[in-house]
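> Prediction below, plus the sequence it came from.
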Amino acid sequence: MEKRCHHRTHRALNFAGRLVLTKAVLQAIPQYMLSITPTPKGVLQQMRVIQRTFLWSENAEKKKWALMARNKMCKPKQLGGLNLLDTSTINRACGAKMWWKWLKETSLTWARHWKEKYAPMHSTQNLIRMQENLEGSLIWNIERKNQEIIQKNSLWEIRNGKTTLFLEDSCRQLPKLERPEFAGLQRNYQGLRRTTINHYWTPNNRDLEWGTWAINETKNIIGANNNIKDLQTLLNKRRIRMADDNDQLIWGKQGGGKFTLKEARSCIEDSEQDEKVNWSNKVWDSQFWLKIKTFLWLLMHMKTLTWENLRKKGFYGPSRCPMCEKEEETMNHLFNTCELANLLWNWAETILQQMYRTRDLIQETIENWRGNFSNNQLVNIIWKTMPRFITWSIWKERNRRVFLNKIGNINHSTAIIIQNIRQLVLVKGKPEKDNKASNGDSQILKAFNLHKGTFTATVNLQQ
């Protein structure tokens, strides 16, 4: 991994480019090792350090701050992260995958060997309920340590009901019936070996599609009337379509049935408990350039390195805004209330003939930016991209003044915005179904030099 990073250090890569290489190269190299061996914590930590150094600092000699915590970046994009893979999580998910393969593909040579060596007393259908902590080979140990992931997130698809346990197993994306108030029912039938589901339903007639539950005989066992009512309520949600073949063990709560590392990773990280961010779709829209997406991602997390954030990291210097040189440089001032920012937002409002801008926080402006406002798709593309390119242009102008000591004016910034939006539209191509432009839409398209012959001329040049 370090050698791979060394070959890339001489290249001029921005954060977006390093993010792509981190996902495509640095996260892919250890995948095979993580899938079959229990990796020491020190090795996993060193892998994180290598990835972090390359992503944020480009190389080991030139160190920079990591602007976001690793655990936040490893979250899915809809939860505000970058969807990076944590080495420890992927190690566990791959171990769970091998355990699942052992349960489902029992005819494989290695699966038969494991069955005879570690679980000779268990039937094939009962391997999922295996509780013994047997030590064995290195590969067996990592798979066994992650069997809990499979046990918690797998369920039974009911066919004839002769394999699925009535109380202890979950089925049809519903939790187990195992509750303290039903303990009497479980104890009563354990001795009779009548714990499977088929002992609790009445076989349906040929004219009926669904089976019916027979729980009248359980009233004396459970005792209290409230308990039997609770049981009836739960069973009414578990309608069963009977079949002649055996019950099938399937994976996941989403109904697909096939094991995926993505869902296993989600189960390990408990990412479903996190709240989704409202701005995810607007930041990661496919029509934007990746460097602008990553910039907007930092902006929405308030992590761009303005003087306000630099002071939080212990770096002190001139805190005046380099654009107006009048007020302190904060994120809201730079992107929202600074003189140049005001001019750009007012210019956009003049061209688009309306604006949906929140002056309190720039994050609220992007998050609450309204969707389509025209019947013309080209105008809608311009409308959606405008706040992204305005903030990007402000940031580029700010850095130009700070690092290059070059000062641009409002005309320079607006020309760059028009050029970027026009290039984006031309690369995207003319929409297949584009309604006629109204007079107002025609004026907007004219401002960006997107007249009727634009796409025809582009096609001719390509030919």
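Structure's in. What do you need?
> contacts, neighbours, all on C-alpha from now
Will do.
> Low-confidence regions, the stretch 101-250 of the chain specifically.
In the predicted model, the stretch 101-250 of the chain carries pLDDT under 70 at residues 172-173, 177-195, 203-211, 215-230, 242.
> how about the strands of it, start to end?
154-157, 201-202, 212-213, 248-251 (DSSP state E, counting those that start in this stretch).
> Parallel or antiparallel, list what pairs with the third one.
Strand partners for strand 212-213, identified by DSSP bridges, are recorded as strand 201-202 (antiparallel).
> follow-up on the earlier one: show me the one of the strands of the stretch 101-250 of the chain that comes nearest residue 26.
strand 248-251 (29.1 Å; C-alpha to C-alpha).
> if we can go back for a sec, figure out which of the strands of the stretch 101-250 of the chain is closest to residue 14.
Nearest of the strands of the stretch 101-250 of the chain (C-alpha to C-alpha): strand 248-251, 39.9 Å.
> Looking at the strands of the stretch 101-250 of the chain, spot the one closest to residue 426.
strand 248-251 (44.6 Å).
> which helices and strands sit right next to the closest one?
Applying 3 or more C-alpha pairs under 8 Å, 6 or more residues apart in numbering; DSSP states H and E, we find strand 248-251 packed against strand 154-157.
> picking up where we left off before, for residue 19, which of the strands of the stretch 101-250 of the chain is the nearest?
strand 248-251 (31.4 Å).
> what residues does that closest one touch?
150, 153-159, 257-259 (C-alpha atoms under 8 Å, 6 or more residues apart in numbering).
> And stretch 400-415, by the same measure?
So stretch 400-415 is contacted by 322-323, 340, 343-344, 393-394, 397 (C-alpha under 8 Å, 6+ apart).
> Which single one of those residues is nearest to residue 371?
residue 344 (20.3 Å).
> Enumerate every residue touching the closest one.
So residue 344 contacts 390, 410, 413-414 (C-alpha under 8 Å, 6+ apart).
> mind putting the contacts of strand 248-251 in JSON lines, neighbour count and distance to residue 116 included?
Below are the contacts of strand 248-251 laid out as JSON lines (neighbours: other C-alpha atoms under 10 Å; distance: C-alpha to C-alpha, whole Å):
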{"residue": "150", "neighbour count": "22", "distance to residue 116": "21"}
{"residue": "153", "neighbour count": "17", "distance to residue 116": "26"}
{"residue": "154", "neighbour count": "22", "distance to residue 116": "24"}
{"residue": "155", "neighbour count": "25", "distance to residue 116": "25"}
{"residue": "156", "neighbour count": "21", "distance to residue 116": "24"}
{"residue": "157", "neighbour count": "22", "distance to residue 116": "27"}
{"residue": "158", "neighbour count": "23", "distance to residue 116": "28"}
{"residue": "159", "neighbour count": "18", "distance to residue 116": "28"}
{"residue": "257", "neighbour count": "16", "distance to residue 116": "27"}
{"residue": "258", "neighbour count": "12", "distance to residue 116": "26"}
{"residue": "259", "neighbour count": "17", "distance to residue 116": "24"}
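> In a markdown table: the residues you listed, plus distance to residue 31.
A markdown table is the format used below for these (distance: C-alpha to C-alpha, whole Å):
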| residue | distance to residue 31 |
| --- | --- |
| 150 | 20 |
| 153 | 23 |
| 154 | 24 |
| 155 | 28 |
| 156 | 30 |
| 157 | 32 |
| 158 | 35 |
| 159 | 37 |
| 257 | 24 |
| 258 | 20 |
| 259 | 17 |
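> Could I get the full set of helices for the stretch 251-400 of the chain?
Residue ranges of the helices in the stretch 251-400 of the chain, as given by DSSP state H, counting those that start in this stretch, are 261-269, 280-283, 290-300, 307-312, 331-332, 339-352, 362-367, 377-403.
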